[in-house]
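S.K.: quick one, fold the following:
(4 chains)
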2 protein chains.
Amino acid sequence: MARTRSYTQEQVLEIALRLADAGGAEALTIRGVATELGSAPNAVYTYFPTREALRAAVVDHVLGEVDLDLSRHKDWRTALRHLATGLHQVLAAHPGVVPLFVAGPMFGTNALASGEAVLAVLRDAGFTADDAAKVLYTLLVYTIGFAAMDAAELPGGPPPPQRQRVKERQAAFHGVPAEDFPLTRSAAGTMARYITTAQFHYGLDALIAGLDPKLR
Amino acid sequence: MARTRSYTQEQVLEIALRLADAGGAEALTIRGVATELGSAPNAVYTYFPTREALRAAVVDHVLGEVDLDLSRHKDWRTALRHLATGLHQVLAAHPGVVPLFVAGPMFGTNALASGEAVLAVLRDAGFTADDAAKVLYTLLVYTIGFAAMDAAELPGGPPPPQRQRVKERQAAFHGVPAEDFPLTRSAAGTMARYITTAQFHYGLDALIAGLDPKLR
DNA sequence: ACCTGAACACCGTTCAAGT
DNA sequence: ACCTGAACACCGTTCAAGT
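M.R.: Okay, here's the model as predicted:
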């Protein structure tokens, strides 16, 4: 007989996100979700056909946390900065989900909506459709790339405060032999700060500045 | 009694790289290496203490394929472009290793050597040590980020020719509903080409151009 | 239509034992 | 010092069966 689902897709999604937040990307498993659900592992396949489908859905779910209203900004630079900053913040808050972002979404509803919003801003600013798309992807590569390299060194669980991480990294760079790598060693302080939002904005500002001459 | 190793670390490393090239990052497993070695799984721990250590060693091994001699370039822009292009090519040739690059190396011999080379070029060009390090990281984030998003959509095995991949992507973007996402849909041709070296250079050129005003 | 039990073919890692 | 056998605690996924 027809029976009703015990859970909604949304509920399963939120459990998956909680697992990733608590234990990193590796903790987001079918069996882990099943345990949280109190069901057998294969019951999860009622809601998502594969582990990859579940992961893609989590990505688009998290992307929904980013503010996509770019219409209020008067120029494209501010709009791009706003979107990249918002995405950066959401990714930094969910480091366990970041590795999944690298693989996509591309075709999730929120992914398409955010892309469409950026393309509209760039069209209004006079970019060709071709240039607009290239600019959009460049921005995503930098933002997701930055978050991915940041998240990769975290163990799982809620991210420790930036101050503490910088301190630990400083200790690590202190171990680099000054005889062999003098320039690296003397830049240890800066390198320890690679994970900060200041470093993120350094690169972001350079990128946006450099995209400028592409405008007709 | 003391017995000699059956293999060198180098040989184990090359087996691991071959596994990643043939089957993607997921195929680079301790047990897979053991099978290739014709040994029990735990024999691999004679050569590397953990799976993570093996993966980090593979990353630095692959990084050794990149040409790090930047001294012959007359300006820093050309030097940066040369390094990024070389890294891009090596990463494109080993998509299965790219996910491991996101996690580091940072402290491998080749990683430190390449960083030191870039810092020297930027110092000679008049950058402060602080700016030089920031520029270096921005370049790495973009290059590794681009390769990671590229590699993520590949199944494992030798990468198919770019033409074929673009064609497949074009079909996928053709499925986006034009009523809801008209701008995305009309940029489908450009988006299908996100994986090309032309797209890589578009963003790279913008980035290098934008880093310019940071110079004193 | 949804869920369970049981199994298959995998993982990384550890421990005690052999040479 | 190096390697093996055996085990532990995991994976994703499939198949047949129950309600």
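
S.K.: would you confirm that residue A:34 contacts residue A:40?
M.R.: Yes - Residue A:34 is in contact with residue A:40 according to Cβ atoms under 8 Å; the separation is 6.3 Å. Every C-beta, even on glycine, is put in place using the N, C-alpha and C of the backbone.

S.K.: ok, the spatially most central residue of chain A - contacts?
M.R.: Nearest to the geometric centre of chain A sits residue A:91, at 3.8 Å (Cα atoms, centre = their mean). Residue A:91 makes contact with A:97-98, A:101, A:143-144, A:147, A:151, according to Cβ atoms under 8 Å, 6 or more residues apart in numbering or on different chains.

S.K.: host element of it?
M.R.: helix A:76-93 (DSSP states H and E).

S.K.: taking chain A, what residue is nearest to chain B?
M.R.: residue A:145 (1.8 Å; Cβ to the nearest Cβ).

S.K.: so residue A:57: helix, strand or coil?
M.R.: What DSSP: H, G, I helix; E, B strand; the rest coil gives for residue A:57 is helix.

S.K.: pretty sure it contacts residue A:9?
M.R.: Yes - counting by Cβ under 8 Å, residue A:57 does reach residue A:9; the two are 7.4 Å apart.

S.K.: who has more neighbours out of those two?
M.R.: residue A:57 (21 against 14; other Cβ atoms under 10 Å in any protein chain shown).

S.K.: for that one, which non-adjacent residue is spatially closest?
M.R.: residue A:13 (5.7 Å; Cβ to Cβ, 6 or more residues apart in numbering or on different chains).

S.K.: next, the angle helix A:76-93 makes with the helix or strand harbouring residue A:22.
M.R.: Using DSSP H and E, residue A:22 sits in helix A:9-23. With axes from the mean of the first three to the mean of the last three Cα atoms, to 10 degrees applied, the angle from helix A:9-23 to helix A:76-93 works out at 70 degrees.

S.K.: so for helix A:9-23, what's the average pLDDT?
M.R.: Averaging pLDDT along helix A:9-23 yields 98.

S.K.: and it, what does it pack onto?
M.R.: helix A:30-37, helix A:51-63 (3 or more Cβ pairs under 8 Å, 6 or more residues apart in numbering or on different chains; DSSP states H and E).

S.K.: alpha carbons of it, as PDB, please.
M.R.: The C-alpha coordinates for helix A:9-23 follow below in PDB (Å, rounded to 0.1, in the frame of the first residue of the first chain):
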ATOM      1  CA  GLN A   9      13.700  16.100   1.500                       C
ATOM      2  CA  GLU A  10      14.400  19.300   3.400                       C
ATOM      3  CA  GLN A  11      14.700  17.500   6.700                       C
ATOM      4  CA  VAL A  12      17.100  15.000   5.200                       C
ATOM      5  CA  LEU A  13      19.100  17.900   3.700                       C
ATOM      6  CA  GLU A  14      19.400  19.600   7.000                       C
ATOM      7  CA  ILE A  15      20.600  16.500   8.700                       C
ATOM      8  CA  ALA A  16      23.200  16.100   6.000                       C
ATOM      9  CA  LEU A  17      24.300  19.700   6.500                       C
ATOM     10  CA  ARG A  18      24.500  19.300  10.300                       C
ATOM     11  CA  LEU A  19      26.800  16.200   9.800                       C
ATOM     12  CA  ALA A  20      29.100  18.200   7.500                       C
ATOM     13  CA  ASP A  21      29.200  21.100   9.900                       C
ATOM     14  CA  ALA A  22      30.000  18.800  12.800                       C
ATOM     15  CA  GLY A  23      32.500  16.500  11.200                       C
END
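
S.K.: tell me if it is near DNA strand C.
M.R.: No - Helix A:9-23 stays clear of DNA strand C (Cβ under 7 Å from any atom of the strand), getting no nearer than 9.3 Å.

S.K.: just the buried residues of that helix, please?
M.R.: A:12-13, A:15-21, A:23 (16 or more other Cβ atoms under 10 Å in any protein chain shown).

S.K.: now stretch A:95-107
M.R.: Here stretch A:95-107 shows A:95-106 as buried, counting by 16+ other Cβ under 10 Å.

S.K.: quick one on the thing from earlier: a markdown table for the buried residues of helix A:9-23, including distance to residue A:155?
M.R.: Shown next, in a markdown table, are the buried residues of helix A:9-23 (distance: Cβ to Cβ, whole Å):
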| residue | distance to residue A:155 |
| --- | --- |
| A:12 | 25 |
| A:13 | 24 |
| A:15 | 21 |
| A:16 | 19 |
| A:17 | 18 |
| A:18 | 17 |
| A:19 | 15 |
| A:20 | 13 |
| A:21 | 13 |
| A:23 | 9 |
